[in-house]
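> Just to be clear, the model below is a prediction. Sequence and coordinates:
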Amino acid sequence: MTARDAYLYVLRSALWGEPLSESIPAAQLKEVLSIAKAQSTLPLVCQALLLSPGQELSDSQKVSMQNKLRSTVSLHLRSNHVIALLTASLRARGIDPVLMKGQGVASYYKTPYLRECGDIDLYVGKARYTEACETVAAMAGIEDVPEWSERKKHYNVDVEGVPVELHWTSDLLPKRYDAAYQEYSLDGMTHGLVQKAIDGEVVNTPADSFNAFFIFNHTWHHFVTGGVGLRQFCDWVMLLHAKAGALDLDHIKEILERLDLMDPWQVFGKVAVEHLGLPSEEMPFYNEKSDPRVEQVLDIVFREGNFGHERQELRNRPKNFFVAKVRSLMIHVWRYSKMMSMFGRVATCQFKEMLTGGIRTAAEEFGEK
């Protein structure tokens, strides 16, 4: 068993609450933990190893793992507090936010506090977006907020040490697909909302069927544009498992086919079933046929790490503005060529969007120099 296989074995144990039937060799353990960290799943792996009676761990390893679990729980408590605070403050202004991803999805895990925390994403819609930004900025002690821009989907601010993103839209897709996506997004973010109790506050999360697509699309977007970790795949798996039999599959199919995303969905679905343990009957539109792209996707995920933080080619950025931009373009073109060879038109549209957006951003940055 390779270190990668060992990591996936431990991760599946954590996701499904099944005890490890064999221990991880000491020689592999350090690499397994390193992979877990790069994939933003370290708390899950630590808990599974600590709960395994036959797993040999040094005292220092046990202490390190226990400290990681304590810090993760602490981050969850702080994030939940801020979510409740933001929700109450915005509702006092008549703005009812929707919690996307993050803590809302964590609730579907066997042990929610073991999901690695990220930032807080709140959808507030377009109509009162500026007012919502001003409200949250005031909570952070910030007086001025940027003007609304259709090119920027969210406003970033830290509240009590927790990064927060306020969204006027759940996402922005390439122009070919964006108008259709916005229709589905508006419906999924305003109708059939699922409420959850977080730190004493009733918090909205997206409608289940849209959320199943949205979590997938978030994973797909980061995968194709720069890198994503298995934490995002785990989020999707846990949501699909929790909502099995309760999703509107016709609606999800309509979204996927209209946005040309059925093919990536099915490839990612095989990753979820074959490597993360989701029962095939709980994966909508599961394709049993062998597909070499499944292992290609997994290779990319392991090589690049969560949000591409392990991508070696992005390090040591040149100081010269033009050299840095040309180098960045070459890296992106090389990576997108791989994506386009794997996923065709939908990846090509994303490449064109990146290219035009990159040129526009570079021109703006050059103009400011």
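That came through, no problem.
> Next, the buried residues of stretch 106-120.
Judged by neighbour count (16 or more other Cβ atoms under 10 Å), stretch 106-120 contains these buried residues: Ala106, Ser107, Tyr108, Tyr109, Tyr113, Leu114, Arg115, Glu116, Cys117, Gly118, Ile120. Where C-beta positions appear, they are placed from N, C-alpha and C, glycine not excepted.
> Let me know the closest of the residues you listed to Ala14.
Leu114 (7.0 Å; Cβ to Cβ).
> can you tell me which residues contact the closest one?
Neighbouring residues of Leu114 by Cβ atoms under 8 Å, 6 or more residues apart in numbering: Ala14, Pro43, Leu44, Gln47, Leu69, Thr72.
> Skip the chain neighbours and tell me the closest residue to it.
In this structure, Leu114 finds its nearest non-sequential neighbour in Pro43, 4.6 Å apart by Cβ to Cβ, 6 or more residues apart in numbering.
> on that earlier part again, go through the buried residues of stretch 106-120 and name the one nearest Tyr184.
Using Cβ to Cβ, Tyr108 comes nearest to Tyr184 of the buried residues of stretch 106-120, at 21.2 Å.
> Would you confirm that that closest one belongs to a strand?
No. The assignment for Tyr108, made by DSSP: H, G, I helix; E, B strand; the rest coil, is coil rather than a strand.
> As a check, name the ranges of all helices in the stretch 101-250 of the chain.
102-106, 129-139, 175-188, 208-225, 230-242, 249-258 (DSSP state H, counting those that start in this stretch).
> ok, now which ones touch Ser40?
Under the criterion of Cβ under 8 Å, 6+ apart, the contact list for Ser40 reads Glu116, Gly118, Gly229, Leu230, Arg231, Asn306.
> Take the helices of the stretch 101-250 of the chain and write them to a markdown table, including mean pLDDT and distance to Lys62.
As requested, the helices of the stretch 101-250 of the chain are exported to a markdown table (pLDDT from 0 to 100; distance: least, Cβ to Cβ, whole Å):
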| stretch | mean pLDDT | distance to Lys62 |
| --- | --- | --- |
| helix 102-106 | 94 | 25 |
| helix 129-139 | 93 | 39 |
| helix 175-188 | 96 | 43 |
| helix 208-225 | 96 | 32 |
| helix 230-242 | 98 | 23 |
| helix 249-258 | 98 | 43 |
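> For these, could you give me TSV that also reports distance to Asn316?
Conversion of the helices of the stretch 101-250 of the chain to TSV gives the following (distance: least, Cβ to Cβ, whole Å):
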stretch	distance to Asn316
helix 102-106	32
helix 129-139	35
helix 175-188	34
helix 208-225	21
helix 230-242	27
helix 249-258	39
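> re the thing from before, identify the farthest-apart pair in the contacts of Ser40.
Farthest apart among these by Cβ to Cβ are Gly118 and Leu230. That separation is 13.8 Å.
> Mind picking the one among the contacts of Ser40 that's closest to Glu274?
Nearest to Glu274, judged by Cβ to Cβ, of the contacts of Ser40 is Leu230 at 13.0 Å.
> what's the closest non-adjacent residue to that closest one?
Excluding the flanking residues, the one nearest Leu230 by Cβ to Cβ, 6+ apart is Gln39, at 4.3 Å.
> Could you chop the protein up by domain?
Following automatic domain parsing, one finds the domains of the chain at 1-57, 80-206.
> Kindly reformat these as JSON lines and extend each row with distance to Ala272.
Listed next are those as JSON lines, based on distance: least, Cβ to Cβ, whole Å:
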{"stretch": "domain 1-57", "distance to Ala272": "10"}
{"stretch": "domain 80-206", "distance to Ala272": "14"}
